[in-house]
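Chemist: I would like the atomic coordinates for the input below:
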Amino acid sequence: MEKRPGFMIRLRKGRVLNVIEKREGIEEVLVESEGTLQKAINYIPLSGEVSIGDEVILNTTAVFLNLGSGGYHFIIHNLRNSHLDIEEKGHIMKLRYTPFQIKCFSVEEKEDIRKIIENKPSLEGMPVVIIPLHSALAPVCAAIKCNQRNSKIAFIMTDGGALPIFFSKTVFLLKKLNLLDLTVTVGHAFGGDLEAVNLYTGLLAAKVSGCNVAIVGTGPGIVGTGTKYGNTGIILGEAVNAVNILKGKAIFIPRITIYEKRARHFLVSHHTLTALSEIALTKAIVVLSEEIDSVIKDLVMRKFLEYKLTDKHDIVFRKGRRAIDFLIECNFPLYSMGKNYEKEPYYFLTAASGGAFAAEIIK
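Modeler: Next comes the predicted model:
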């Protein structure tokens, strides 16, 4: 007897009761489904705007599995919006060969950008900051702008976390405060100011667009499994290689946490150690904060020595407190893995120190 394949998605019908928040590309709504009230995410470019009372089809898988940052219902289809049309330009598909595949107008299709990246494929020494988690984006941006007010920053979001950039409230707030100038979504990530097929053309598109510094990282919700290679942070090591191949300056921000209960992430995350020791085949400049307690600093350096990172990469120290103070004055939410700045200060200071270093070498 043929075995029936198991389903990989949990679907339910729901009804929109309220629109809680709306920003570019996204609505957070309250829905009723099976007699319970839940929050749901609606991506406007995928299913159109919602109205109160709309009947919708919900992907309820994440809530059912009790996940963290992905723990929302997601609206797959609004029964009122059964007829949507696409714009004419572009034919590159993301989320390919799924029922949710979408059309993008990628930089590789834009003649003006295409000519430049084909004829002059170089970053010409542009600093590229590689961040361990999405929560490091704000401190890096703030530190660059605090030290180089006229800098033009691109965030290049890979597809290792959330795929729609609309999901990131951090990106929304940074752009609102003029702390971030351009976004590029690469791979299957989508929704940026520019779309690119991969990290290489994403980096070049940032340079061609007039940016003089870039930041590479995932969206919110990095995937980890507790295994050495089974995490999407691995791509950060590959990003070092990409930046060096394109003749940029790879600046790596290690994930430093001292209140982390999981041993594999305590002090220096195993994501950082694996990416720098095994995946990155070329040199990066690894930035630590001068403001870290001397005892902790010694422990971090011992860990670097144990993994021979000091033989392979350059280690530098800078200060990041000024950028953190600026973000606090702006009431910018600083959270990472459920901890705020007061509970995990060295993580945020390290990120800001990396931004301060990048600002020094902007041409």
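
Chemist: now the helices for the chain?
Modeler: 44-47, 61-64, 111-119, 137-147, 169-176, 199-208, 235-245, 270-274, 294-306, 309-312, 321-329, 345-360 (DSSP state H).

Chemist: give me the helices and strands touching the fifth one, please.
Modeler: Using 3 or more Cβ pairs under 8 Å, 6 or more residues apart in numbering; DSSP states H and E as the contact criterion, the secondary-structure elements in contact with helix 169-176 are helix 137-147. C-betas here are computed from N, CA, C, even on glycine.

Chemist: cool, the first one as well?
Modeler: Contact analysis of helix 44-47 by 3+ Cβ pairs under 8 Å, 6+ apart lists strand 73-78 as its packing neighbours.

Chemist: next one: the strand it packs on to chain centre, how far?
Modeler: What separates the centre of strand 73-78 from the centre of its chain is 23 Å, taken as Cα atoms, centre = their mean, to the nearest Å.

Chemist: could you do stretch 116-123 as well?
Modeler: 25 Å.

Chemist: what distance separates the start and the end of it?
Modeler: Between the opening and closing residues of stretch 116-123 lies a distance of 12 Å (Cα to Cα, to the nearest Å).

Chemist: where does pLDDT dip in the stretch 1-150 of the chain?
Modeler: 1-5, 68-70 (pLDDT under 70).

Chemist: can you give me the strands for the stretch 51-200 of the chain?
Modeler: Ranges of strands in the stretch 51-200 of the chain, per DSSP state E, counting those that start in this stretch, are 55-59, 73-78, 92-94, 102-104, 127-130, 153-157, 182-186, 194-196.

Chemist: got the contact list for residue 356?
Modeler: 143, 144, 146, 147, 318, 319, 320, 322, 323 (Cβ atoms under 8 Å, 6 or more residues apart in numbering).

Chemist: on that earlier part again, out of the helices of the chain, flag the one nearest residue 82.
Modeler: Minimum separation from residue 82 across the helices of the chain (Cβ to Cβ) falls at helix 44-47, 10.2 Å.

Chemist: go through that closest one and flag the buried ones.
Modeler: For helix 44-47, the neighbour count (16 or more other Cβ atoms under 10 Å) marks 44, 46, 47 as buried.

Chemist: out of the helices of the chain, flag the one nearest residue 126.
Modeler: Closest among the helices of the chain, using Cβ to Cβ: helix 199-208, at 5.7 Å.

Chemist: what is that closest one packed up against?
Modeler: Checked by 3+ Cβ pairs under 8 Å, 6+ apart, helix 199-208 has helix 111-119, strand 153-157, strand 182-186, strand 194-196, strand 213-217, helix 235-245 packed alongside it.

Chemist: the second one pairs with which strands, parallel or anti?
Modeler: Taking DSSP bridges as the criterion, strand 153-157 pairs within the sheet with strand 182-186 (parallel), strand 213-217 (parallel).

Chemist: compute the inter-axis angle for it and helix 169-176.
Modeler: 160 degrees (axes from the mean of the first three to the mean of the last three Cα atoms, to 10 degrees).

Chemist: what about strand 153-157, distance to the chain center?
Modeler: 9 Å.

Chemist: what residues does it touch?
Modeler: Contact with strand 153-157 is made by 137, 141, 144-145, 165, 168, 171, 174, 179-186, 189, 192, 196, 199, 202-203, 206, 209, 211, 213-219, as judged by Cβ under 8 Å, 6+ apart.

Chemist: by how many degrees do it and helix 235-245 diverge?
Modeler: Using the same axes, to 10 degrees: strand 153-157 against helix 235-245 is 130 degrees.

Chemist: okay, strand 153-157 in PDB with CA atoms only?
Modeler: Only the C-alpha atoms of strand 153-157 are listed here, as PDB (Å, rounded to 0.1, in the frame of the first residue of the first chain):
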ATOM      1  CA  ILE A 153      25.200  52.400   4.300                       C
ATOM      2  CA  ALA A 154      23.800  49.400   2.600                       C
ATOM      3  CA  PHE A 155      22.400  46.400   4.500                       C
ATOM      4  CA  ILE A 156      22.600  43.200   2.500                       C
ATOM      5  CA  MET A 157      20.200  40.700   3.900                       C
END
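
Chemist: in that strand, which residues are buried?
Modeler: For strand 153-157, using 16+ other Cβ under 10 Å, the buried residues are 153, 154, 155, 156, 157.

Chemist: and the furthest pair within those residues?
Modeler: For the buried residues of strand 153-157, the farthest-apart pair by Cβ to Cβ is 153 and 157; their separation is 13.0 Å.

Chemist: got the strands of the stretch 51-200 of the chain as CSV, with distance to residue 289 columns?
Modeler: CSV is the format used below for the strands of the stretch 51-200 of the chain (distance: least, Cβ to Cβ, whole Å):
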stretch, distance to residue 289
strand 55-59, 40
strand 73-78, 37
strand 92-94, 36
strand 102-104, 38
strand 127-130, 14
strand 153-157, 20
strand 182-186, 26
strand 194-196, 32
